[in-house]
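>>> turn this into a structure:
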Amino acid sequence: MFTITETRPEHAKPGTPNDYGTIVFSKPSETFRHFLDPNLGRKALRALPAVVLGTLLNILDGISYGMIIFPAAGLFSKFGGAGVSMFFVSTVVAQLVYTFGGSNFAGANGSMMIEVVPFVHILASTIAGDILGDDWAEMNGVNREVVATTLVAFALSSLLTGFTFFLLGYLRLGVLIGFFPRHILVGCIGGVGIFLILTGLTVSTRLPSDALDPPTWEILRYFVLDPHALVMWVLPFALAVLLRLITARWKHQLLFPIYFLVIPIIFYIVVAAAQLDLDTLRRDGWLFETAREVGGVDSWYAFYTYYDWRAVRWTSIWTTLPTQFALLFFNILHPPLNVPALAISLDEDVDTDKELVGHGMSNLAAGFLGTVPNYLVYVNTLLFYRVGGGNRVAGFMLAVATFLLLIIGTWPIAYIPIMVVGALIFVLGIDLVKEALWDTRHRVSRMEYITIISIMVTMTAWDFVIGVLFGIVVSCFFFVVQNSQRRSIRTCYTGDAAVSTVRRPAAHRAYIHEVSKQTRILQLQGFLFFGTISHVEDTIRSLVNDPTFHAHPVRFVVVDFSLVAGVDLSAAEAFVRVQRLLAAKGVVLVFCGVSRAEVSKALRSVGVLEQPYVELFETLNDAMEWTENAYLRAWFRAQKKETAPVVLPGRQKVDVGFHETLAGSPRGLQLKDAGERIIAGELFTDVSAEPLHTLLKAFGSFDALDHASLSALAPYFEHVALPAGAVLWERDDPPNGLYIIQSGILRASYKFAEHTPAIEESMVSGTLAGELSALSGLPRNARVVVERDAVLWRLSAEGMKRLEEAHPHLAQWFVRLVLKAAKVDTDTLLAALATR
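Residues are numbered from 1 along each chain as shown. Okay, here's the model as predicted:
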């Protein structure tokens, strides 16, 4: 014998999830300590009400659903008792496995998986049709090949289910099942409900199980117009409805079994009072046929006499594989839903993966014993706990009681009123249809509700396997439709709303703010696939349509992938089409934020990154910095009087097709006009001495500066020349003054928290560095290095003190200029970060 043990400290709470469910040979463990308890007798007495309730529930389930395991047609019409025996064998196996450690629920109730009845019907019908032909339902007598093959198919379904459960639990993959759409399972449950209602009709009227497959006009007329048939199915249906009306008003765990015990008592009271003959009632369809239905044997092991490996048709087993996999798919969805729900109801901590291992072992055992799949029953277990059955002693007693029912055999079935079985089947069918259609009406979307209905219709009109496949296909279709309606473009704006973090002179900043309207930024999100990329492509195309392009010319289209989870082949190829369209217009396609390997792989696979007029940057800030530099370079290169080229940060290669004269196109004319209005005055100033020229460049746009004031400030600045790579200061260093950059580039790196990426800020000629910490006296908040050879002018703390003593009004005026520049630079940095 084997059990599932768990490794945990002795003081740990029972039921706490362990790392792995481990299969070991049985030895004294916590599972068996319950049976060595000195208070075992007291526990057994306290568990009696729960055992009685569990036994009654198993009887009701066995006679209702065990009776319909085999189709009630043709050669299977006499196998109702065999189905009941198979039900109880599977139930006993499950109960023993769960009791001896297969489940963390001490009072777990196992049972045959009753929802598989439609699928096992398909297995039996497929095998009979494959061996005997389409007319098998009209044949009487037992065919050993068909029965043997069918029994092997049933056992195979248990083995496949058990192996899958065990593998999922042992590898701790139970969470994967939770990813499957819930509404498909609900649709399948609704389809099972309709099947049970139709089965209730055929069982109540003693028609073959395929009489309503599909329903015909003649059959419907028979149900409605034939008085005897009408009474036979209306009575159990009314009993089922009455039960649900009673349970809606009164809630008690014993109400359900007592109700179905009272029905046969009343039935036999009426029979005795009217002195009716049982054989006559049996011929009229009120009672089941007498025992010895299976080859004259009424023992519980009768179905084993038909296991004959020489008679098995393995080619027929092969034809059932699609149904087997559909059945497997349906089976594995139940425990990951039932187990967490039961854990919440009972306030217990459980490990779903260990429960899957237990389900695997119980189904493997059922398969090796030649019976049908089983599982832990949510409702039965909950009722079992509520009447005192929350321990393994009670679970073992229930297994013994169920085994005694199995040993008794099938002969009592002949004395069970058919209306009881019909009412039981109707109750479950109505409950499942209600769960699928009524309970979900306000809980699911319209598309999900349509999917549920379509699965139920398909299962009823055609086939359960087709219904499952149809549900998967419809869900995939609706998934594509729903995701296609989601916005794949998070934001779309122009470049003037998304500046870079580069600290630039005021004139450069104003120029960039105006000409960056030629830059369009698209921030994408989610997963880009064939359903969402069309909106992205249409949006980019609209930017370069002739009427729009002439009114609002575009030079750069920046596509930010930082929020994109993945790109499929269709979406990647769409960017190739976009690149060709933009390149024909002279527009550069700039990609950035391509940090995920799957996104980069998709774009590289179609070769779009190697195309002309395509650039790739790590971040949106890098991309915007490059476009801003391109605008500045274009204007400075067009100025024939400019002798010293402007030094800019970032990538130096800029080949975007700007004409040197900036004439001949709306885009070039806009750059030329903005540059002449904003930057030209800076180039042709009459102040050339340093640091006067640098001071004028840094503060000229904030106030009216005169030569005298600048000349008075100049003696307090120190000349500093630093090579590339030099560290100007580290974070938390004490301030040693503020700096004004005459030439070269500095780069500051801000790190505000360990879990956040560093923020980079470049500072070019004509800007300040370290001004706020110098004025406040607080430590530096960034690391600053020299990116390119730099010439700086430093106003030290001592120099500032001497300026304040010698020229207090001039010092106050200078501090106001510094604060104005600092405010603009801070606002620019915050604006840049806000758009990321």
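>>> please, where are all the helices along the stretch 651-800 of the chain?
666-678, 680-683, 692-699, 707-713, 771-776, 797-806 (DSSP state H, counting those that start in this stretch).
>>> output the contacting helices and strands for the first one.
Contacts of helix 666-678 with other secondary structure elements, assessed using 3 or more CB pairs under 8 Å, 6 or more residues apart in numbering; DSSP states H and E, are made with helix 506-515, helix 620-637. Bear in mind the C-beta positions are built from the backbone N, C-alpha and C, glycine included.
>>> and the longest one, how far out from the chain middle?
I take that to be helix 620-637. Helix 620-637 sits 42 Å away from the centroid of its parent chain (CA atoms, centre = their mean, to the nearest Å).
>>> now that helix: mean pLDDT?
Helix 620-637 shows a mean pLDDT of 85.
>>> same question, stretch 772-788
90.
>>> so residue 302 touches residue 85, yeah?
Yes. Assessed by CB atoms under 8 Å, residue 302 is found in contact with residue 85 at 6.6 Å.
>>> neighbour count: these two, which is higher?
Using other CB atoms under 10 Å, the more surrounded residue of residue 302 and residue 85 is residue 85, with 26 against 21.
>>> counting neighbours, which bits of whichever strand or helix holds residue 156 end up buried?
For residue 156, the host element (DSSP states H and E) is helix 144-170. Within helix 144-170, the residues scored as buried using 16 or more other CB atoms under 10 Å are 145-162, 164-166, 168-170.
>>> pLDDT (mean, whole number) over the helix or strand just after that helix?
Sequence-wise, the next helix or strand downstream of helix 144-170 (DSSP H and E) is helix 182-205. The predicted model assigns helix 182-205 a mean pLDDT of 81.
>>> residue 590 - that's part of a strand, no?
Yes. Counting by DSSP: H, G, I helix; E, B strand; the rest coil, residue 590 is found in a strand.
>>> quick check: bridge partners of it?
residue 558, residue 615 (DSSP bridges).
>>> burial of it, as a residue count?
By other CB under 10 Å, neighbour count at residue 590 equals 25.
>>> related to what we said a few turns ago, pick the most deeply packed of the helices and strands packed on helix 666-678.
helix 620-637 (a mean of 23; mean count of other CB atoms under 10 Å).
>>> who are the packing partners of it?
helix 506-515, strand 519-528, strand 556-567, strand 588-592, strand 614-617, helix 666-678.
>>> distance of residue 320 from residue 149?
Remark: distance between residue 320 and residue 149 (CB to CB, to the nearest Å) = 9 Å.
>>> I meant to write residue 795 there.
Here the criterion is CB to CB. By it, residue 795 lies 97 Å from residue 149.
>>> surely residue 70 meets residue 80?
Yes. Counting by CB under 8 Å, residue 70 does reach residue 80; the two are 7.0 Å apart.
>>> more crowded one of these two?
With neighbours defined as other CB under 10 Å, residue 70 and residue 80 compare such that residue 70 has more, 27 against 23.
>>> so is that one in a helix, a strand, or just coil?
Residue 70 - assigned by three-state DSSP - is coil.
>>> how about the strands of the stretch 301-450 of the chain, start to end?
Counting by DSSP state E, counting those that start in this stretch, the stretch 301-450 of the chain has strands at residues 374-376.
>>> picking that back up, with distance to residue 176 added, can I get the helices and strands packed on helix 666-678 in CSV?
Converted to CSV, the helices and strands packed on helix 666-678 look like this (distance: least, CB to CB, whole Å):
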stretch, distance to residue 176
helix 506-515, 51
helix 620-637, 35
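>>> looking at these, which is nearest to residue 265?
helix 620-637 (78.6 Å; CB to CB).
>>> angle of the closest one against helix 506-515?
Here helix 620-637 runs at 100 degrees with respect to helix 506-515, directions being taken by axes from the mean of the first three to the mean of the last three CA atoms, to 10 degrees.
>>> quick check: closest non-adjacent residue to residue 428.
Using CB to CB, 6 or more residues apart in numbering and skipping residues adjacent in sequence, the residue nearest residue 428 is residue 196, 5.5 Å away.
>>> all helices for the stretch 251-400 of the chain, in order.
Residue ranges of the helices in the stretch 251-400 of the chain, as given by DSSP H, counting those that start in this stretch, are 255-274, 278-283, 314-319, 321-331, 335-346, 352-368, 378-386, 392-408.
>>> pick the most deeply packed of those helices.
helix 352-368 (a mean of 26).
>>> show me what the host helix or strand of residue 48 is packed up against.
Element membership for residue 48 (DSSP H and E) is helix 40-65. When contacts are defined as 3+ CB pairs under 8 Å, 6+ apart, helix 40-65 packs onto helix 80-97, strand 110-112, helix 255-274, helix 378-386, helix 392-408, helix 418-433.
>>> buried sites along it?
43, 46-47, 49-65.
>>> related to what we said a few turns ago, adding distance to residue 834 and mean pLDDT, write the helices of the stretch 251-400 of the chain out as CSV.
CSV is the format used below for the helices of the stretch 251-400 of the chain (distance: least, CB to CB, whole Å; pLDDT from 0 to 100):
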stretch, distance to residue 834, mean pLDDT
helix 255-274, 62, 87
helix 278-283, 83, 86
helix 314-319, 64, 92
helix 321-331, 48, 87
helix 335-346, 42, 74
helix 352-368, 43, 93
helix 378-386, 51, 79
helix 392-408, 61, 90
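>>> beta partners of residue 521?
Here residue 521, judged by DSSP bridges, has bridge partners residue 493, residue 558.
>>> show me the shaky parts of the stretch 651-800 of the chain.
651-665, 680-688 (pLDDT under 70).
>>> doesn't residue 423 make contact with the residue nearest to residue 428?
No. Applying CB under 8 Å as the test, residue 196 and residue 423 come out as separate, 11.7 Å apart.
>>> contact partners for the closest residue to residue 339 other than its chain neighbours?
Spatial nearest neighbour of residue 339, chain neighbours left out: residue 355 (4.7 Å); criterion: CB to CB, 6+ apart. Applying CB atoms under 8 Å, 6 or more residues apart in numbering, we find residue 355 in contact with 103-104, 169, 174, 335, 339, 376.
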